[in-house]
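Novice: fold the following.
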Amino acid sequence: MIMKTKLFLMLCASLCISFMATSCDKKDVKDDSYTIYDNDWYLQTINSEKINRTELTLNDAYVLKFINDTVFELNTSANNAGGIFYKLSENQIFVKNYHEYTERYNTNEKERNIDEILLNSLNDTFNFSCNENKLVLQKKDITIVCNSRE
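Specialist: Reported below is the predicted structural model:
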């Protein structure tokens, strides 16, 4: 009787582990065919104002990278920055705790203005759309467009 109970418990445990391994999918923020984790996303426009990537102080400025299913990096003009995001629905994410990790000063006023816009507006709920070449984050007062290629 004790042997049958141990065997039954081992079977239940292996079924639970198997179920958890196959049913806990990564919570991708994605459309029907493409996940945001597949590319680095280069900031192209904020409210239709084009970001001229060839004139940026640093090459990795304004490149959005999704590290995992809740953490992202989006460096500002001269500083490392990032935050946390949560999927709220199929077309909405909530961004919180977006901030700079370093404190270097950038003399380029235009880039500092972009930094300020990002730092003041990203911590919020956004509608989004995504395909393999374009990611759009949008809320009432801001639209951010990123492309997967420079």
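
Novice: which of the helices or strands spans residue 69?
Specialist: According to DSSP states H and E, residue 69 maps onto no helix or strand at all.

Novice: what about residue 127, how many neighbours?
Specialist: 15 (other C-beta atoms under 10 Å). Bear in mind the C-beta positions are built from the backbone N, C-alpha and C, glycine included.

Novice: go on, residue 45?
Specialist: Other residues close to residue 45 by other C-beta under 10 Å number 14.

Novice: distance of it from residue 147?
Specialist: 9 Å (C-beta to C-beta, to the nearest Å).

Novice: helix, strand or coil for residue 78?
Specialist: Assigned state for residue 78: coil (three-state reduction, DSSP: H, G, I helix; E, B strand; the rest coil).

Novice: could you find the closest non-adjacent residue to residue 76?
Specialist: residue 115 (4.1 Å; C-beta to C-beta, 6 or more residues apart in numbering).

Novice: just the element for the one you found, please.
Specialist: Residue 115 belongs to helix 109-121, assigned by DSSP H and E.

Novice: for that helix, what is the average pLDDT?
Specialist: For helix 109-121, the mean pLDDT works out to 95.

Novice: from the chain's centre, how far out does it sit?
Specialist: Its chain's C-alpha centre and that of helix 109-121 lie 18 Å apart, by C-alpha atoms, centre = their mean, to the nearest Å.

Novice: residue 132 belongs to a strand, doesn't it?
Specialist: No - going by three-state DSSP, the assignment for residue 132 is coil, not a strand.

Novice: measure it to residue 41 for me?
Specialist: Noted for residue 132: a distance of 11 Å to residue 41, by C-beta to C-beta.

Novice: with residue 57 instead?
Specialist: 19 Å.

Novice: who's more crowded, those two?
Specialist: The neighbour comparison of residue 57 against residue 41 (other C-beta under 10 Å) goes to residue 41, with 25 against 12.

Novice: for stretch 110-130, measure first residue to last.
Specialist: Using C-alpha to C-alpha, to the nearest Å, the end-to-end distance of stretch 110-130 comes out at 27 Å.
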